[in-house]
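Undergrad: sequence plus the predicted model coming up.
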Amino acid sequence: MVTLKQLAKELGVSISTVSKALNDSEEIGEDTRKKVKELAALYNYKPNKVALSLKQNKTKTIGVIIPDILNHFLAKVLFGIEREANLHGYNIITCISNESLQKEKDSLQLLANGSVDGFILSIAEETQTKNEINHFKETISKGLPIVMFDRVAHDVRCDKVIVDDFEATYNATKSLIAEKRRDIVFMSNIDNISVGKLRERGYNKAMLEENLNTHVLRIKKGDDVQQKIKRLYKKYKKIDGVVSADSTSGVVAINMARDFKKKVPKDVSVVGFSSKSVSIHSVPKLTIIRQHAKKIGAKAAQLLIERLNNTAEAKDDYTTKIVKTTLVKSKSTL
């Protein structure tokens, strides 16, 4: 395989000139860059990434840890991270914590041993429940920056990307109240994590401002979602609105309404955090609070790469970026 030294010898230039030309350095003239790249292409020259990483003390690789690969939102965030990282010449290594604190710790320890330059992650449910954050602080203390997204630990000093969970749910609830809905139920299967708590608070604030009674249905792991929602409809016959904090219960609420002779949206309006690909599984189609997952992923990657390239404004000046959600109206609301 051809080396930089061989390319330089054939072109009659220094090894440094060849290297800079291949990296589009402005120090090298356009004609020289063109000749270097043409010869490199002729010999199918590929840089030795291992040697380069050792020389630069960089792997050009980002570690990504997500709680659940089957979660549609998290999968789309991952897509956004990978696409943005690729644009900047970075690869990613992805680990799945499966909502486990120990697996999250193991993933950080595994990748922090010289495999990656930094991390992008969303915190596992068990980590948030136990409020354990020392493993994040230890990782950062080793010189490996972390960017958290969606589920974040506010006591960890790092860059973060979140959505306006409280405001989004508050506005969605207000939109149902504007339809003259008065018996609105909040449904959630994520009440153990930070985003679920914020969404419930947004619902409560909107309801209390109008002196309306709150009704909260918490769906636990292992629960039969259909049966829980069925019992809810049976118990609260006056239900005329549903706000779903997660991606599935809103769809189930629409589909179960017909069992109780309730027409959507004539008798009950339903809105929920979801994506277009999930909302189509209800009839009528669910009105969604869209979180712009790919944008969240791209923004998280940008923040980490900026910090890795030392272009962040200040070493200890961390930022929290808020990605605004969008209420996408469909046939499940008036």
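TA: Cool, the structure landed. Numbers count the residues shown, from 1 in each chain.
Undergrad: how is this structure carved up into domains?
TA: Listed domain ranges for the chain are 4-47, 59-161+293-323, 165-290 (source: the TED database).
Undergrad: and the last one, how far out from the chain middle?
TA: What it means is domain 165-290. From the chain centre to the centre of domain 165-290 is a distance of 22 Å (Cα atoms, centre = their mean, to the nearest Å).
Undergrad: and what of the second one?
TA: In this view, domain 59-161+293-323 has its centroid 9 Å away from the chain centroid, taken as Cα atoms, centre = their mean.
Undergrad: mind checking the end-to-end distance for it?
TA: 29 Å (Cα to Cα, to the nearest Å).
Undergrad: what does stretch 255-269 give?
TA: Termini of stretch 255-269 sit 12 Å apart (Cα to Cα).
Undergrad: swap in stretch 325-334?
TA: 20 Å.
Undergrad: mind checking how far it is from the chain centre?
TA: Offset of stretch 325-334 from its chain centre (Cα atoms, centre = their mean): 22 Å.
Undergrad: any idea of the mean pLDDT in that stretch?
TA: Throughout stretch 325-334, pLDDT has a mean value of 96.
Undergrad: do stretch 72-91 as well
TA: On average, stretch 72-91 scores 95.
Undergrad: and for stretch 42-62?
TA: Rounded mean pLDDT across stretch 42-62 is 71.
Undergrad: residue nearest the centroid of this protein?
TA: Val77 (4.1 Å; Cα atoms, centre = their mean).
Undergrad: element containing it, please.
TA: Assigned by DSSP states H and E, Val77 belongs to helix 72-87.
Undergrad: average pLDDT for whichever strand or helix holds Ala21?
TA: For Ala21, the element it lies in under DSSP H and E is helix 15-22. The pLDDT scores in helix 15-22 average 86.
Undergrad: quick check: buried residues in it?
TA: 17-22 (16 or more other Cβ atoms under 10 Å). Where C-beta positions appear, they are placed from N, C-alpha and C, glycine not excepted.
Undergrad: give me the residues contacting the helix or strand Gly63 falls within.
TA: Using DSSP H and E, Gly63 maps to strand 61-66. Counting by Cβ atoms under 8 Å, 6 or more residues apart in numbering, strand 61-66 makes contact with 74, 77-78, 81, 85, 90-97, 104, 107-108, 111-112, 115-122, 301, 304-305, all of which sit outside it.
Undergrad: give me the angle between it and helix 72-87.
TA: Between strand 61-66 and helix 72-87, the angle comes out at 180 degrees (axes from the mean of the first three to the mean of the last three Cα atoms, to 10 degrees).
Undergrad: in the protein, which spans are helices?
TA: Assigned by DSSP state H, the helices in the chain fall at 4-11, 15-22, 30-42, 49-56, 72-87, 101-111, 125-130, 134-141, 165-177, 194-209, 225-235, 249-257, 276-279, 293-308.
Undergrad: quick one: list the elements packing against the second one.
TA: It refers to helix 15-22. helix 4-11, helix 30-42 (3 or more Cβ pairs under 8 Å, 6 or more residues apart in numbering; DSSP states H and E).
Undergrad: would TSV of these with mean neighbour count be doable?
TA: Below are the helices and strands packed on helix 15-22 laid out as TSV (neighbours: other Cβ atoms under 10 Å):
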stretch	mean neighbour count
helix 4-11	16
helix 30-42	14
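Undergrad: for those helices, give me a markdown table that also has distance to Lys180.
TA: Shown next, in a markdown table, are the helices and strands packed on helix 15-22 (distance: least, Cβ to Cβ, whole Å):
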| stretch | distance to Lys180 |
| --- | --- |
| helix 4-11 | 72 |
| helix 30-42 | 67 |
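Undergrad: and of those, who's closest to Lys230?
TA: helix 30-42 (64.5 Å; Cβ to Cβ).
Undergrad: alpha carbons only: can I get the closest one in CSV?
TA: Provided in CSV are the C-alpha atoms of helix 30-42 (Å, rounded to 0.1, in the frame of the first residue of the first chain):
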residue,chain,number,x,y,z
GLU,A,30,-5.0,24.8,-5.4
ASP,A,31,-2.9,23.3,-8.3
THR,A,32,-0.7,21.4,-5.8
ARG,A,33,-3.8,20.2,-3.9
LYS,A,34,-5.3,18.9,-7.2
LYS,A,35,-2.1,17.1,-8.2
VAL,A,36,-1.7,15.5,-4.8
LYS,A,37,-5.4,14.3,-4.7
GLU,A,38,-5.2,12.9,-8.3
LEU,A,39,-2.1,10.9,-7.5
ALA,A,40,-3.6,9.7,-4.2
ALA,A,41,-6.7,8.6,-6.1
LEU,A,42,-4.6,6.8,-8.7
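Undergrad: circling back to that earlier point, so which of the helices of the chain is the most surrounded?
TA: Comparing the helices of the chain by mean neighbour count (mean count of other Cβ atoms under 10 Å), helix 249-257 ranks first with a mean of 25.
Undergrad: pick out the most distant pair among the buried residues of helix 15-22.
TA: Thr17 and Leu22 (9.7 Å).
Undergrad: got any residues that touch both of those two?
TA: Val36.
Undergrad: list the contacts for the closest residue to Arg290 other than its chain neighbours?
TA: Leaving aside its chain neighbours, Arg290 sits nearest to Thr326 (4.6 Å; criterion: Cβ to Cβ, 6 or more residues apart in numbering). Contacts for Thr326 (Cβ under 8 Å, 6+ apart) come out as 289-290, 292.
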